[in-house]
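# Fold the stuff below for me.
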Amino acid sequence: MKLTCLSRGKGFYFPPCHMLSVCGFRILIDCPLDLSALAAFAPIPPGFSAVRGEEDLERPVDESDGCESGSAERKNTEKPMNAEALIRSEPWYKTVANLHLWNPSFIDVVLISSPAGMLGLPFLMRAKGFSAKVYVTEAAAKLGKLMMEDLVSMHEEFRQFYGTQEFSSPHWMKWEKLESLPSALKEIVLGTDGIELGGWMPLYSAADIEDCVKKLQRLKYAEVACYNGTINIKPISSGLEIGACNWTIRYPDGTIGFVSSSEFVPGHALEFNYNALRSCDVLIYSDFSSLDVLETANKGSNYAVPEDSSTLSDLEEVLLHADESSEEMDKLKFISSCAVDAVKAGGSVLIPIGRLGIILQLLEQISVCMESSRCEVPIFVISSVAEELLAYTNIIPEWVCKQRQEKLFSGEPLFAHVELLNGERLQVYPAVYSPKLLLHWQEPCIVFCPHWSLRLGPAVHLLRRWHGDEKSLLVWEEGMDSDIALLPFDPKEMKMKVLRCSFLSGIVLKKVRPLIHVLQPKFVMLPEDFGRQIMSPVANSYSVLHYSVNETLKLPILKEDSELEITADLISQLHWKNLKDQNLSITRLKGNLVMSDARRQILTSDELSCSKSEKPPLLWGTLDLQRLLARLSEMGIGGSLQEDSVTDGSSDARILRINAPSEALLEIRSTSTLISAANEELAFRIRDAVDGILDGT
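Here you go, the predicted structure:
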């Protein structure tokens, strides 16, 4: 087994990315986007003229591209750090740069641990030769799709202003332009090592998102998916966000547990199910958040970590102690009180936070605080996907914490925004220029909207409107350089109060060691930065291996001999011969080697035929579409048939659509045919038609 950390990420919005090699299969874990890099771009100004904007854009490009005639030398002096230094162009989006060093056609499996971890997936899926199986929880798939659609919707404003990109690379990627950037912006674009320019990509389209989500293999918590008969994959709840998960990967030689950013006692999502990781031979710890907030985690903490001699019950008490959860609730209450104070003083409140769980809990706390203060101002949620998102969060009881589930059983809604909507205290609109919003707009007010980067979406327009109002309040999450983020809004005229806050993004450092002691794996893979923070393990307990970014770490062989299951009937037929010199016994064995459900088995011919009868037949051959159409017509399946190409980099893939008697879809490749239909009976009939054409056993 080999592990390569492609990126350590930057917290909640940009989770880490890893490549894992198991049994010859390459498994990519998460495919995120670094949206904090949008800080290098200038947002669209309000009241712009498209013609005037294009003229303004051309002038600085011509002046700095180094193409002027004459003997004038190019100035290498660094630009001052102001709004004019920002890149004025349609933004590109920063992917995991090290992922581009890998051939996408060699990736066999992709595991998505959170909605934020799938924002870069459309880029990967449209790469040439990519054909990996992508596994994600049902809730994460839904929320990730909405996040991508909202991103595309917000980005459309840039395309309307700058026009369609005509060249393979934009003008700001010219080396002369990059060299002229201030050092802080240059580091955002190129990275600290100056090698991350290759990770920038133009944003995908809505069609790319639809193609992406169609190919996802959706799982419920604890649902097992078997890949190629060799690897069993299972998602388990992590508690960080609705639908977020950790993974267990079982293969013939052992079990791997992958721990992403997790939360033991969350206020909205299903709790971290760490017990499902107890049987793992290898534990890959990928939660960097405790290092990112080390000072915050240790400051003011009065709950001591037990010594190594503590019992398991003592260690579990440490894990389940809700000290950080109560701190989170205190933060939410404080933010709510500040918001209410601001609107009572006549100002408005802007909350561009991108965490669904935080938004839902803030809506609850703000409504409570407003009632206690007898304050009545409108609360707006402005987003292209807000209505669908809020509706979805009230029908997912299996993905939320037990306290929320109990509300459902008692007849209460899962979250308070349902009552706010019914009472018209909360209003949802798709955009700031929505006619209904303009009709009902009222100030002061409280607005939840994207985007936390302060470069996209409604937040840009509202911040320009209120940034000079000393009574207004911006509730902004830490994670970006505030000086760079607020540059476009004229810091000299910035009178708006800014409340910067940080929220729990994973396991706090003091709980990492107790967690490992409770799980008791044979090997633990930790980021190398943990070496100074976590003491050495208990003797004869587990081994610790440290990994670093873009370096491959090889795990020692877990088992010297592979396990092979032999049935009792076959064992009874064996005749052993003793070798005296080598103190060894040997025998001849005749059977059939079968790899199934991550196990190696030897079966007799009778057992093999019995197992075959329980499984669908194996089919092979080339599927002739004309013969298939004729066979379907004979079976009474008619209607409009349309053949489309698949734009996922696979040249042999085709799509066959059936419209009658009901809709169905066939994805036909050289090695497989996938039948998708809402009507189960129709799916079986189409399968029978395919069976009649192909050879099989």
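
# which sections of the stretch 51-200 of the chain are below the confidence cut-off?
51-78, 165-167 (pLDDT under 70).

# quick one: the strands in it?
93-94, 109-111, 133-137, 200-201 (DSSP state E, counting those that start in this stretch).

# do the stretch 401-550 of the chain as well
426-429, 446-448, 473-477, 497-501, 523-527, 543-547.

# what's the third one packed up against?
This points to strand 473-477. helix 323-344, strand 349-351, strand 497-501 (3 or more C-beta pairs under 8 Å, 6 or more residues apart in numbering; DSSP states H and E). In short, each C-beta sits where N, CA and C put it, glycine included.

# domains for the chain, by residue range?
Using automatic domain parsing, the domain ranges for the chain come out as 2-290+507-554, 324-499, 565-603, 619-696.

# So which bits of the third one are buried?
Meaning domain 565-603. Residues of domain 565-603 classed as buried: Leu570, Gly591, Val594, Ala598, Arg599, Arg600, Gln601, Ile602, Leu603 (neighbour count, 16 or more other C-beta atoms under 10 Å).

# rewinding a little: can you say which of the helices and strands packed on strand 473-477 is packed in most?
Mean neighbour count (mean count of other C-beta atoms under 10 Å) peaks for strand 349-351 among these, with a mean of 26.

# other SSEs contacting that one?
helix 323-344, strand 446-448, helix 458-466, strand 473-477.

# related to what we said a few turns ago, okay if I get the helices and strands packed on strand 473-477 as a markdown table plus distance to Pro202 and mean pLDDT?
What follows is the helices and strands packed on strand 473-477, written out as a markdown table (distance: least, C-beta to C-beta, whole Å; pLDDT from 0 to 100):
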| stretch | distance to Pro202 | mean pLDDT |
| --- | --- | --- |
| helix 323-344 | 36 | 93 |
| strand 349-351 | 29 | 97 |
| strand 497-501 | 31 | 94 |
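
# before we move on, back to that, dump the strands of the stretch 51-200 of the chain into CSV; add mean neighbour count and distance to Phe380 as well.
Shown next, in CSV, are the strands of the stretch 51-200 of the chain (neighbours: other C-beta atoms under 10 Å; distance: least, C-beta to C-beta, whole Å):
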stretch, mean neighbour count, distance to Phe380
strand 93-94, 22, 27
strand 109-111, 24, 37
strand 133-137, 24, 30
strand 200-201, 18, 33
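
# right, and those strands - which one's nearest Thr230?
Thr230 lies closest to strand 109-111 among those, at 10.7 Å (C-beta to C-beta).

# which neighbours does that closest one have in its sheet, and in what orientation?
strand 25-29 (parallel), strand 133-137 (parallel) (DSSP bridges).

# Of all residues in the chain, which one is nearest the centre?
Centroid-nearest residue in the chain, with C-alpha atoms, centre = their mean: Gly117, separated by 1.5 Å.

# Hmm, Asp30 and it touching each other?
Yes - between Gly117 and Asp30 a contact is recorded at 3.7 Å, counting by C-beta atoms under 8 Å.

# Are there residues contacting both of the two? Which ones?
The contact sets of Gly117 and Asp30 overlap at Pro15, Ser260 (C-beta atoms under 8 Å, 6 or more residues apart in numbering).

# For the closest residue to Lys186 other than its chain neighbours, which residues are in contact?
Spatial nearest neighbour of Lys186, chain neighbours left out: Leu178 (6.4 Å); criterion: C-beta to C-beta, 6 or more residues apart in numbering. Taking C-beta under 8 Å, 6+ apart as the criterion, Leu178 is in contact with Trp172, Lys186, Val189, Leu190, Leu197.

# Closest to Lys94 out of those?
Of those, the one sitting nearest to Lys94 (C-beta to C-beta) turns out to be Val189, at 8.3 Å.

# Report how many residues lie close to the closest one.
For Val189, the count of nearby residues is 22 (other C-beta atoms under 10 Å).
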